[in-house]
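**Q** Quick one, what's the 3D model for this:
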Amino acid sequence: MFASITPIVGGLVLFVVGLQFINSAVAKLSGSYLKVGLSLLTGNRFGGVAVGTALSFVLASSAGATVLLVGMGDAGLVTLRQAVAVVLGAAIGTTLVVQVIAFDVGQWALYVVALGFLLRTLGRYERWREAGNAVFGLGFLFFGMALMKQGVQNAFVTTSLMWAEHFLERLATNPFYVFAFSMAATAVLQSSATTMAMALALGVSVPTAIPVAIGASVGTCTAGLVSGIAAKPIGRQIALAHFLMKLVGASFFMYMLGPFTSSVELWALRLGIEPDARLIAHANTLYTVLYAAIFLPLVPVVERLVSSLVTGGKGARPGALLSISDLDDPQNGIRKARSQAADAGRSVLGMLRESLTGFMMGPYKISDDILDRGAAVDNSVTVVSDFLTRLEARRLTAQENEKCNRLLYAAHDVAYIGDVAAGELVPLVLKKSRSGLEFSIEGAQHFERLHRRVADDFSEALDILEGLSESGGRILARAGEVDAMRKELVHSHMRRVSQGVVADVETSRILMDAVAAIRVMHYYVCDIIQIMEPAEPSQLR
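**A** Here you go, the predicted model:
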């Protein structure tokens with residue numbers, strides 16, 4: 001018996017490993033461009049469905065696509081409405097993977113593995129080697145499928161797995177048992193494609209395979225739900241919307257199982273579709289297409305329902321996110337880009353103000369998500385930069401082109417300020433808190449004044465960036481005052497050190513490093529103002 005199930009288990013392992021290879025390679029090949037593309041291409045529901053279909057097919061996993069969306073929702077790169085449309089498309093995309101494996105792909109498996117091995121081994125560039133990993137994984141997927149099919153056939157011929165065949169026959173007597181078993185199996189395997197591959201390998205009938213497909217579609221929601229637990233409210237809303245739509249859709253199709261199965265079989269008879277594996281793959285795709293078609297008009301309803309169940313998840317402001325359609329309206333696109341860059345800056349401003357609280361207090365627990373906010377700022381600025389680069393390639397007026405260039409540089413300044421806040425100030429706060437160190441009273445007062453002045457100037461610079469304020473000349477004019485405050489802080493600190501008032505070298509180092517970081521941040525704050533509103537020569541430092 002052990003010898004009989006070895007090919008089945010081995011094939012399943014190879015299939016799952018192949019999926020992981022493909023998923024990992026695609027993520028590395030795409031890098032930040034995947035998130036940029038998602039953010040720009042999901043401006044309407046139909047675009048979101050198309051993007052979700054392509055994403056799920058490329059990742060070979062609707063669960064992976066959902067987890068990615070939860071993270072993007074946390075980062076403020078997609079709204080709940082956009083994410084719901086992408087989730088609908090992701091359900092279709094994963095069935096296309098089943099369409100591929102429904103063919104007799106085993107005969108090509110070793111050739112594909114060999115091609116992937118050559119790309120991995122001989123590729124001169126990292127991208128070629130990662131592409132080789134994806135092809136290598138595809139070969140593993142094909143080979144695993146062939147092993148499972150062959151293993152099942154041999155096991156049933158030798159009667160060593162007759163108990164399994166009897167179990168499947170008894171299970172098939174009630175489609176709701178099949179649905180529940182498929183849902184549980186997919187929750188464990190974290191892949192509906194893997195569940196369907198097993199069904200194809202076992203050679204189940206079409207009436208049995210359809211409940212398997214419906215159950216697998218619900219079971220694949222578990223990955224998104226798990227990732228949503230630790231996410232912000234917007235991430236939890238996306239995960240919940242995915243689960244509720246799948247559950248309601250599955251309930252409807254299980255209720256209509258008889259008519260749906262009969263329609264599929266009649267359709268197959270008229271079109272002459274054989275064998276059952278092809279018909280099962282087609283039925284699986286048809287189910288997800290109908291599911292998406294039903295819920296696509298109801299996306300606003302789903303959004304309102306989920307928002308009422310999970311409160312606090314504002315995410316990105318509806319209509320404020322850039323989309324690919326904004327390339328056709330430069331004025332509106334530039335306005336949105338200014339707004340999105342300013343929103344990213346205000347996230348940085350929140351980090352900056354929270355760091356002051358950490359410096360001023362004793363032991364302080366900084367927000368768990370503060371470093372995630374730094375990554376979200378980088379993602380948002382990447383989206384803005386990519387959009388502006390695409391926009392500049394269009395035929396713009398001289399004024400529009402100049403606005404694009406200025407905004408591009410200002411957005412990069414926001415990212416630099418975010419890097420300083422997340423990479424320098426936050427670690428200093430953590431270091432000070434963990435060591436139980438305290439600034440002197442005079443040093444803390446000087447530092448607080450300097451910190452608040454820089455934060456206030458940054459806030460005004462963001463208003464200028466978004467177009468809410470007209471002039472930043474006052475900030476540029478008093479830039480010398482900020483530098484004088486910094487020098488006064490440093491000189492008074494050195495005086496206290498020489499007098500022996502500051503006894504701890506580590507405290508002194510933290511204070512000086514924090515002052516240096518704030519000085520760099522203020523330089524970029526002034527740079528934003530000078531870029532967005534060219535100053536008179538007398539105002540420049």
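**Q** Once you drop chain neighbours, what's closest to residue 171?
**A** residue 177 (5.2 Å; CB to CB, 6 or more residues apart in numbering). Placement of C-beta: from N, CA and C, glycine included.
**Q** secondary structure element for the one you found?
**A** Per DSSP states H and E, residue 177 falls inside helix 175-189.
**Q** from what I can see the residue nearest to residue 171 touches residue 183, true?
**A** No. If you go by CB atoms under 8 Å, residue 177 and residue 183 don't touch, sitting 10.8 Å apart.
**Q** ok, those two, which is more surrounded?
**A** In this view residue 177 and residue 183 are compared by other CB atoms under 10 Å, and residue 183 has more residues nearby, 25 against 14.
**Q** thought the more buried one was touching residue 219?
**A** Yes. If you go by CB under 8 Å, residue 183 and residue 219 touch, sitting 4.1 Å apart.
**Q** following the lowest-mean-pLDDT helix or strand in the chain, which helix or strand comes up?
**A** Ranked by mean pLDDT, DSSP states H and E, the weakest helix or strand in the chain is helix 32-41, scoring a mean of 57. For helix 32-41, the following helix or strand on the C-terminal side (DSSP H and E) is helix 45-59.
**Q** Which elements pack onto that following helix?
**A** Identification of packing neighbours for helix 45-59 by 3 or more CB pairs under 8 Å, 6 or more residues apart in numbering; DSSP states H and E yields helix 2-30, helix 32-41, helix 62-74, helix 80-101.
**Q** Report the contact partners of residue 360.
**A** Residue 360 is in contact with 444, 448, counting by CB atoms under 8 Å, 6 or more residues apart in numbering.
**Q** gap between it and residue 448?
**A** Using CB to CB, to the nearest Å, residue 360 is found at 6 Å from residue 448.
**Q** Burial check on the nearest residue to residue 358 once chain neighbours are set aside, number of neighbours?
**A** Leaving aside its chain neighbours, residue 358 sits nearest to residue 429 (3.6 Å; criterion: CB to CB, 6+ apart). Around residue 429 there are 21 other residues, counting by other CB under 10 Å.
**Q** can I assume residue 429 is in contact with residue 353?
**A** No. With contacts counted by CB under 8 Å, residue 429 stays clear of residue 353, the gap being 11.9 Å.
**Q** so who does residue 18 touch?
**A** 137, 138, 139, 140, 141, 142, 143, 144.
**Q** what about 6 Å?
**A** For residue 18, the contacting residues are 137, 140, 141, by CB atoms under 6 Å, 6 or more residues apart in numbering.
**Q** mind listing what the last one touches?
**A** In other words, residue 141. Residue 141 sits next to 15, 18 when contact means CB under 6 Å, 6+ apart.
**Q** Please report how far it lies from residue 197.
**A** Here the criterion is CB to CB. By it, residue 141 lies 8 Å from residue 197.
**Q** Find residues that contact each of those two.
**A** Going by CB under 6 Å, 6+ apart, residues that sit against residue 141 and also against residue 197 are residue 15.
**Q** Chain neighbours aside, what residue packs nearest to residue 87?
**A** The shortest distance from residue 87 to any non-neighbouring residue, by CB to CB, 6+ apart, is to residue 242 (4.8 Å).
**Q** number of nearby residues for the one you found?
**A** By the measure other CB under 10 Å, the count of residues near residue 242 is 31.
**Q** Roughly how far does it sit from residue 385?
**A** Residue 242 is 30 Å from residue 385, by CB to CB.
**Q** Poorly predicted segments of the stretch 401-541 of the chain, please.
**A** By pLDDT under 70, the weakly predicted segments of the stretch 401-541 of the chain are 470-472, 501-504, 534-541.
**Q** where along it do the helices fall?
**A** 426-435, 441-466, 473-477, 479-498, 505-532 (DSSP state H, counting those that start in this stretch).
**Q** swap in the stretch 201-350 of the chain?
**A** Under DSSP H, counting those that start in this stretch, the stretch 201-350 of the chain gives helices at 206-219, 222-229, 233-255, 257-271, 276-295, 299-309, 330-360.
**Q** mean pLDDT lowest for which of these?
**A** Looking at the helices of the stretch 201-350 of the chain, the lowest mean pLDDT belongs to helix 222-229 (a mean of 72).
**Q** Domain map for this protein?
**A** Domains of the chain are assigned by automatic domain parsing as 10-309, 330-539.
**Q** Span of the longest one from start to end?
**A** Its first and final residues considered, domain 10-309 spans 43 Å by CA to CA, to the nearest Å.
**Q** I'd say residue 242 and residue 66 touch.
**A** Yes. Here residue 242 reaches residue 66: they are 5.4 Å apart, a contact under CB atoms under 6 Å.
**Q** shared neighbours of those two, anything?
**A** Common neighbours of residue 242 and residue 66 (CB under 6 Å, 6+ apart) are residue 224.
**Q** In stretch 494-510, which residues are buried?
**A** Under the neighbour-count criterion of 16 or more other CB atoms under 10 Å, stretch 494-510 has 496, 502, 507, 508, 510 buried.
**Q** ah, wrong one, I meant stretch 441-457
**A** Quick answer for stretch 441-457 (16+ other CB under 10 Å): 443, 446, 447, 450, 451, 453, 454, 455, 457.
**Q** Fine by me, thanks again.
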